[in-house]
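In: Compute the structure for the input listed below.
(chains A, B, C and D)
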There are 2 protein chains.
Amino acid sequence: MPKKRILPFIILGIINNHPQITGREITAEFATEIGDFWKASHSQVYPELKRMFNDGWIYDSKSKNNAKERYYTITAQGHEVLNKWLDQLVTDLPIHEDLFSLKLFFIKDQHDERIPQLIARQLILLKKELNYLEQRRQTVFANEKTIQNNYGHYLILTRAISRTQGQIQWLEETQKQLEE
Amino acid sequence: MPKKRILPFIILGIINNHPQITGREITAEFATEIGDFWKASHSQVYPELKRMFNDGWIYDSKSKNNAKERYYTITAQGHEVLNKWLDQLVTDLPIHEDLFSLKLFFIKDQHDERIPQLIARQLILLKKELNYLEQRRQTVFANEKTIQNNYGHYLILTRAISRTQGQIQWLEETQKQLEE
DNA sequence: AATACCATGTAATATGTTACATGATTAT
DNA sequence: ATAATCATGTAACATATTACATGGTATT
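Out: The predicted structure is shown next:
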């Protein structure tokens, strides 16, 4: 059995959230909104859009402004496919392909200099991330109505903030213990 | 520039931690010890071992018990390569290819039934994971000496436990709020 | 009209997964 | 001796990344 494809469902979800979206804008979503959970380059997106169109999940219309540009919108069948996917419960936790953990794993000596170095760097990265996430919560969810109308998005942003804070806290505690 | 390969360094680290290890045992590590951070099947491992041998990172010796079996050990050059990799600081946070977050992202309505369903399932998975991780901390790090001699491993196990606990806590709080 | 960027597309390469395959070893 | 598992290896397929490519559009 081939590995389950996820990318088409993500693209379908994006199109559902943004009717009349272009391939370029979909690609941009992977660099911003969804960027924290998934990545895809335009060379993946365009062939996928073709397949989805051929399967009747989406339809397209030509732009009046730009000869190449195409606007994609989800079809009734596409809605069905998306909802069927959303209805399926998650069966496994994801694995965290995490270089930080991986490198630590191979360092055996408690007093190896590289442990505090790796932690210090990770803290820098996580604080930058936390800052970015909190910024987004403020700008994207400025009013209560936006929260109610994009509740799932709001939840995962909140969750990401909480998770990042937790990681920072753990690292800072560990950092202190190492100094003793 | 091609994407940076990580698998060979992981395998190198495994061989460094377990001299005279076989390909089969290396593959097994990906299903247990390292399984939380990285996955690799035997069809990836064996060709990689060949390449690493050709590059002089490891050497092998034949088993006396089994005609096919080979024991791999790291070379001086391999040590250099591994340490050079470990010395390099991490430059980016990993992305979390997380179906749970992804599905939530596409659910807009605050009262959509699927939100509590997804959360309930995620809680089951996380509690199972927490149980497994705590079990491992008890069995693998039964005494203080093991901790000191595998400090990096101990750290990331502790970190994984803390992270999982944090996620469970956040989900349970969110679950309560949704019930109100 | 020269330059930068937009918008899409494809080719070459790298990586990963599943399935297929062989013969050795162990357990019953 | 038969079945299950060990141990390695490869082939076919699926997916992902990087680089290359084309022509349109907007800016100066």
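In: residues contacting the residue nearest in space to the middle of chain A?
Out: Centrality entry for chain A: nearest residue to the mean C-alpha point is A:Phe37, 2.3 Å, by CA atoms, centre = their mean. Contact analysis of A:Phe37 by CB atoms under 8 Å, 6 or more residues apart in numbering or on different chains lists A:Ile156, B:Ile95, B:His96, B:Glu97, B:Asp98, B:Ser101, B:Leu102, B:Phe105. Every C-beta, even on glycine, is put in place using the N, C-alpha and C of the backbone.
In: quick check, nearest of these to DNA strand C?
Out: B:Glu97 (10.9 Å; CB to the nearest atom of the strand).
In: can you tell me how far whatever residue of chain A ends up closest to DNA strand D sits from A:Thr27?
Out: Per CB to the nearest atom of the strand, A:Ser43 is where chain A lies closest to DNA strand D, at 3.2 Å. Separation of A:Ser43 from A:Thr27 (CB to CB, to the nearest Å) stands at 9 Å.
In: Next: A:Ile58.
Out: Taking CB to CB as the measure, A:Ile58 falls 15 Å from A:Thr27.
In: A:Ser43 and A:Thr27: who's more crowded?
Out: A:Thr27 (18 against 9; other CB atoms under 10 Å in any protein chain shown).
In: Just the ones of the contacts of A:Phe37 in helices?
Out: The helices, defined by DSSP state H, take in A:Ile156, B:Ser101, B:Leu102, B:Phe105 from the contacts of A:Phe37.
In: Grab the nearest non-local neighbour of the third one.
Out: Across the structure, with CB to CB, 6 or more residues apart in numbering or on different chains as the measure, the residue nearest B:Leu102 apart from its sequence neighbours is A:Phe37 (5.2 Å).
In: Say whether chain B is contacted by whichever strand or helix holds A:Thr146.
Out: In this assignment (DSSP states H and E), A:Thr146 forms part of helix A:144-149. Yes. Helix A:144-149 lies within reach of chain B by CB under 8 Å from any CB of the partner chain, at A:Ile147, A:Gln148, A:Asn149.
In: What subset of those residues is buried?
Out: A:Ile147 (16 or more other CB atoms under 10 Å in any protein chain shown).
In: Just name the closest of the residues of helix A:144-149 next to chain B to DNA strand C, please.
Out: Of these, the one sitting nearest to DNA strand C (CB to the nearest atom of the strand) turns out to be A:Asn149, at 25.8 Å.
In: Quick check: the closest one touching B:Lys108?
Out: Yes. Shown here, A:Asn149 and B:Lys108 form a contact pair, counting by CB atoms under 8 Å, at 6.1 Å.
In: what bits of chain A have low per-residue confidence?
Out: Applying pLDDT under 70 to chain A flags the ranges A:1-3.
In: Just the helices from it, written as ranges.
Out: A:7-17, A:23-31, A:42-54, A:76-87, A:99-105, A:114-140, A:144-149, A:151-179.
In: what's the spacing between the third one and its chain's center?
Out: Mean-position distance between helix A:42-54 and its chain equals 19 Å (CA atoms, centre = their mean, to the nearest Å).
In: So which bits of chain A are right by DNA strand C?
Out: Residues of chain A found near DNA strand C (CB under 7 Å from any atom of the strand) are A:1-3, A:22-25, A:42-43, A:46-47, A:49-50, A:66, A:68-70.
In: Break chain A into its domains for me.
Out: In terms of domains, chain A is parsed into A:7-87, A:99-179 (source: automatic domain parsing).
In: Make CSV out of the ones you listed and add distance to B:Asp112.
Out: Output for those, formatted as CSV (distance: least, CB to CB, whole Å):
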stretch, distance to B:Asp112
domain A:7-87, 9
domain A:99-179, 8
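In: Let me know whether A:Asn17 touches A:Asn149 as I believe.
Out: No. Using CB under 8 Å, A:Asn17 is not in contact with A:Asn149, being 10.8 Å away.
In: so what sits against both of A:Asn149 and B:Lys108?
Out: Common neighbours of A:Asn149 and B:Lys108, counting by CB under 8 Å, 6+ apart, are absent.
In: and chain A, which residues reach DNA strand D?
Out: Counting by CB under 7 Å from any atom of the strand, chain A sits next to DNA strand D at A:2-7, A:39-41, A:43-44, A:65-68.
In: what do you get if the cut-off is 10 Å, keeping everything else the same?
Out: Chain A comes close to DNA strand D at residues A:1-8, A:10, A:30, A:38-48, A:51, A:63-69, as judged by CB under 10 Å from any atom of the strand.
In: so how far is B:Lys103 from A:Glu48?
Out: Counting by CB to CB, the gap from A:Glu48 to B:Lys103 is 19 Å.
In: Neighbour count: these two, which is higher?
Out: With neighbours defined as other CB under 10 Å, A:Glu48 and B:Lys103 compare such that B:Lys103 has more, 23 against 19.
In: which one is that one nearest to, not counting chain neighbours?
Out: A:Leu86 (5.5 Å).
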